[in-house]
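Engineer: quick one, what's the 3D model for this:
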Amino acid sequence: FLHQRAHKPPEFRPDDAVVLLPFGRYCNGWKGPGLVDVFEARDAVARSLPIDPDRVVLAGFSMGGAGAWQIGARRVGEFCGVHGGAGFVDTRRYTGVDVATIPWYEARLWTTTDVPPVARNLLNRPAIAYSGELDRQRAASEIMVETLAAEGREIPHTIGAGMEHRYDDASRAAIERFLAPAVAAGRPRTPDTVHWAGTTLADGGAWWIEPLGLGEHCAIARIDAVRDRAAPRIDNDLATVNVTALRLREVPGPCRIDIDGTVLEHPGSDEGVVLARAGLAADGAWGVVSEASLPRLRKRPGLTGPIDTVFDAPFVVVPPSGPGFSPAIDHFTRAEFGHLRRRWHDLYRGDLPVVEAEEVTDDIIRDKNLVLFGDPRSNRIVARIMPGLPLEWTPQGVVIGPGSPGASRHPAGHVPLVAFPNPLLPPEATPRLVALNAAISFREVHDANNALQNRRFPDWAVIDIAVPPDGRDPGRVVAADFFDEAWRVKRGR
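Structural biologist: Numbers count the residues shown, from 1 in each chain. Alright, predicted model coming up:
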């Protein structure tokens, strides 16, 4: 990466701009920690140079094109314009994987990184696509043009005549001309029309719209919001899909809110107005509520799952420190800990932050996500959290959701992989995740193509460790599912 950047100039290098080429934690398709790295790099530059945050353009080609479309669509409020060329935007269409050959939840997790489910966000900002006329990755731009046309937006698609997988000078100049007015105008501070689309609360909000609850994760959610600030009061008209709670920001005075046909009045608040459906049910009536009245144990920003999201925020890994329930379980948990350590170094270019169980402090528990390896006998932190997890794990076996109608029971020789809100945190603490025996879920087989380096396990899974790990799985996956929006075990499929 450094050698290439030192010897090959970037495709776009305007004279009046700083060009940042983020590393993205190596070659992972800008997903998960790779996405986090992009914004950390941007913020680091902004601390050193006088960057105008309202005039940041996101552009990329090939894998960078995949990243530009994904990040630009899911964080649209961060940029004044977006450009993508080549790459991939739709996992199934790009890889040709037959969804009948993979677990249902793996295909569903594609919604958290594929772009078409959230392309509607690009209605908010200028966007332009590029393809070489002969490029085998031309489909990415064609899919974006097709998807946005279905949303009512025609975006330009510049074609490089006779080009394969590269730009030509004429196309590069055309793209720069298109983006120039967006840079001159800058990112709008408070647009009165906002379109938000997401498949997870990890996508964040946009401007004055902040989703706080979904009817279901890994499914398309939308908020289309228009406000009129010229009236004696602020009029807000909102239409939602698959949203159960949200916050309206920038409501300093009296306002009228029409949300999905329900009309509400509010005197206004500098902290915004929180709206929620009754009981957070998909068909509950909308009302004004206090955020404190919403259930603490629910999927919300910072606590969404799936398992791999534990690596998207500061975390520490706590390995087993003694013998566990059986030599087989000890071998499995130590091997998976070692596998994570190697993968984190090789794929994400970092030294795994390891803390021994006896060194875990209250500050670490408060400030970090916890990735725990072992069982309640081999890891004292696992033993501490067990009473707060929807899990029973003894030498005799594993039960996911004990006492619930959807309980999943498995005999000895099985190991649970679980992500759940950390039950050791006090109520006032920032929410954090704890993950049990969780390595990065895509493995060596998936390194053949960045489009396959996706999150592959939902919120929990059970592994039969009698089957050895391979380049695809840590063992035989005998059960796996998402928790519901209240972090409860669902009824079995």
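
Engineer: now the helices for the stretch 351-493 of the chain?
Structural biologist: According to DSSP state H, counting those that start in this stretch, the stretch 351-493 of the chain carries its helices in the segments 362-367, 380-385.

Engineer: buried ones in the first one?
Structural biologist: It stands for helix 362-367. Ile364, Ile365 (16 or more other Cβ atoms under 10 Å). Yep, even glycine has a C-beta here, placed from its N, CA and C like the rest.

Engineer: now it: mean pLDDT?
Structural biologist: In this model, helix 362-367 has a mean pLDDT of 97.

Engineer: please enumerate residues in contact with it?
Structural biologist: Pro314, Val316, Val355, Leu370, Asn422, Leu424, Leu425, Pro426, Ala429, Thr430, Arg432 (Cβ atoms under 8 Å, 6 or more residues apart in numbering).

Engineer: over to stretch 163-172?
Structural biologist: So stretch 163-172 is contacted by 11-12, 61-62, 85-86, 130, 132-137, 158-162 (Cβ under 8 Å, 6+ apart).

Engineer: buried ones in that stretch?
Structural biologist: Per 16+ other Cβ under 10 Å, stretch 163-172 contains these buried residues: Met163, His165, Tyr167, Asp168, Ser171, Arg172.

Engineer: and the pLDDT at Tyr26?
Structural biologist: Predicted confidence (pLDDT) for Tyr26: 83.

Engineer: could you do the one 3 residues further on as well?
Structural biologist: Note for Gly29: predicted pLDDT of 86.

Engineer: checking my notes, it in a helix, right?
Structural biologist: No. Counting by DSSP: H, G, I helix; E, B strand; the rest coil, Gly29 is not found in a helix; it is coil.

Engineer: what's the spacing between it and Ala119?
Structural biologist: 17 Å (Cβ to Cβ, to the nearest Å).

Engineer: do Leu179 as well
Structural biologist: 18 Å.

Engineer: swap in Arg136?
Structural biologist: Taking Cβ to Cβ, one finds Arg136 at 22 Å from Ala119.

Engineer: neighbour count winner among those two?
Structural biologist: Neighbours were tallied for Arg136 and for Ala119 using other Cβ atoms under 10 Å; the higher tally belongs to Ala119 (24 against 9).

Engineer: okay, now Ile234: neighbour count?
Structural biologist: Other residues lying near Ile234 total 22 when counted by other Cβ under 10 Å.

Engineer: backbone dihedrals for it, both of them.
Structural biologist: phi -80, psi 120 (degrees, to the nearest 10).

Engineer: does it really touch Pro254, like I thought?
Structural biologist: Yes. The pair Ile234 / Pro254 is scored as a contact, 7.3 Å apart, by Cβ atoms under 8 Å.

Engineer: put together a markdown table for the helices of the stretch 351-493 of the chain, with distance to Asp346 on each row.
Structural biologist: Compiled in a markdown table, those are given as follows (distance: least, Cβ to Cβ, whole Å):
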| stretch | distance to Asp346 |
| --- | --- |
| helix 362-367 | 26 |
| helix 380-385 | 26 |
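
Engineer: so which of those helices is nearest Asp98?
Structural biologist: Set against Asp98 and scored by Cβ to Cβ, these come closest in helix 380-385, at 37.8 Å.

Engineer: buried sites along the closest one?
Structural biologist: Going by neighbour count (16+ other Cβ under 10 Å), the buried part of helix 380-385 is Arg380, Ile381, Val382, Ala383, Arg384, Ile385.

Engineer: what sits against the first one?
Structural biologist: Residues counted as contacts of Arg380 (Cβ under 8 Å, 6+ apart) are Ser321, Ala357, Glu358.

Engineer: who wins on neighbours among those?
Structural biologist: Ala357 (20 neighbours).

Engineer: relative to its centroid, which residue of the chain is most remote?
Structural biologist: Pro232 (39.3 Å; Cα atoms, centre = their mean).

Engineer: report the secondary structure state of that one.
Structural biologist: Counting by three-state DSSP, the backbone at Pro232 sits in coil.

Engineer: which residue ranges of the stretch 201-350 of the chain form helices?
Structural biologist: 327-348.

Engineer: let me see the ranges of the strands in it.
Structural biologist: Secondary structure of the stretch 201-350 of the chain (DSSP state E, counting those that start in this stretch): strands at 209-214, 221-228, 234-241, 243-248, 255-259, 262-266, 273-277, 286-289, 315-318.

Engineer: now these in CSV, with mean pLDDT?
Structural biologist: As requested, the strands of the stretch 201-350 of the chain are exported to CSV (pLDDT from 0 to 100):
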stretch, mean pLDDT
strand 209-214, 98
strand 221-228, 97
strand 234-241, 96
strand 243-248, 98
strand 255-259, 96
strand 262-266, 96
strand 273-277, 98
strand 286-289, 98
strand 315-318, 98
